[in-house]
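Participant: Fold the following for me, if possible:
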Amino acid sequence: MAKHKLLAGLLLGGAAYAAYHAMDLEQREALKDAARDRYNTLKDRAVDYAFYAADAVDDFKETIDDHLAGKDSAPAWQSAASDETSDDADDDIVLSSNEVADLPDAETADASSSEADEPAASDDSASDQPV
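Facilitator: Sure, this is the predicted structure:
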């Protein structure tokens, strides 16, 4: 069973590879642009939902604070609700992918990693000879 799945995966991957290389340059660029657009949309949604989750946690904490307002044994984070920034109207920040800094170029990352991968020069001539 596992061999059939591996074979099917190899065949589908080979077919996709062949189909990609059969395209002309305009079609390849259109496919890449469509993939980038979908990636940026997904990234924007993930950031939005992260902010929604943070807002929901803040609302939950405020509700708990209101509920525990009269009790003496309140949790330590209850004092965080009295923070100066908790009442700001501009704390809901949603960024689009155009406003987020991109990762460094692959060339820059390759140059920095190749410098770290180079072994230090050794004066020991015995290590250069086969054993």
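
Participant: in which helix or strand would I find residue 69?
Facilitator: Under the criterion DSSP states H and E, no helix or strand holds residue 69.

Participant: Let me know how buried it is, in neighbour terms.
Facilitator: 10 (other CB atoms under 10 Å). C-beta here means a position set from N, CA and C on the backbone, and glycine is covered the same way.

Participant: can you check residue 9 too?
Facilitator: Neighbours around residue 9, by other CB under 10 Å: 10.

Participant: Lowest mean pLDDT among the helices and strands of the chain, which one is it?
Facilitator: Ranked by mean pLDDT, DSSP states H and E, the weakest helix or strand in the chain is helix 106-117, scoring a mean of 55.

Participant: Low-confidence stretches in this structure?
Facilitator: Scanning the chain for pLDDT under 70 picks out 70, 72-131.

Participant: where exactly do the helices run in it?
Facilitator: Shown for the chain, the helices assigned by DSSP state H span residues 2-22, 25-67, 106-117.

Participant: Name the stretch among those that sits most buried.
Facilitator: Greatest average neighbour count among these goes to helix 25-67 (a mean of 12), per mean count of other CB atoms under 10 Å.

Participant: Between helix 2-22 and that one, find me the angle.
Facilitator: Orientation of helix 25-67 against helix 2-22 (axes from the mean of the first three to the mean of the last three CA atoms, to 10 degrees) gives an angle of 120 degrees.

Participant: list the helices and strands helix 25-67 packs on?
Facilitator: Packing partners of helix 25-67 (3 or more CB pairs under 8 Å, 6 or more residues apart in numbering; DSSP states H and E): none among the helices and strands.

Participant: Extract the CA atoms of stretch 49-57 and return them as PDB.
Facilitator: Extracted C-alpha coordinates of stretch 49-57, given in PDB (Å, rounded to 0.1, in the frame of the first residue of the first chain):
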ATOM      1  CA  TYR A  49      -6.900  36.300  13.200                       C
ATOM      2  CA  ALA A  50      -3.900  36.700  15.500                       C
ATOM      3  CA  PHE A  51      -5.100  40.200  16.300                       C
ATOM      4  CA  TYR A  52      -8.600  39.000  16.700                       C
ATOM      5  CA  ALA A  53      -7.400  36.400  19.200                       C
ATOM      6  CA  ALA A  54      -5.500  38.900  21.100                       C
ATOM      7  CA  ASP A  55      -8.500  41.200  21.300                       C
ATOM      8  CA  ALA A  56     -10.700  38.200  22.500                       C
ATOM      9  CA  VAL A  57      -8.200  37.500  25.200                       C
END
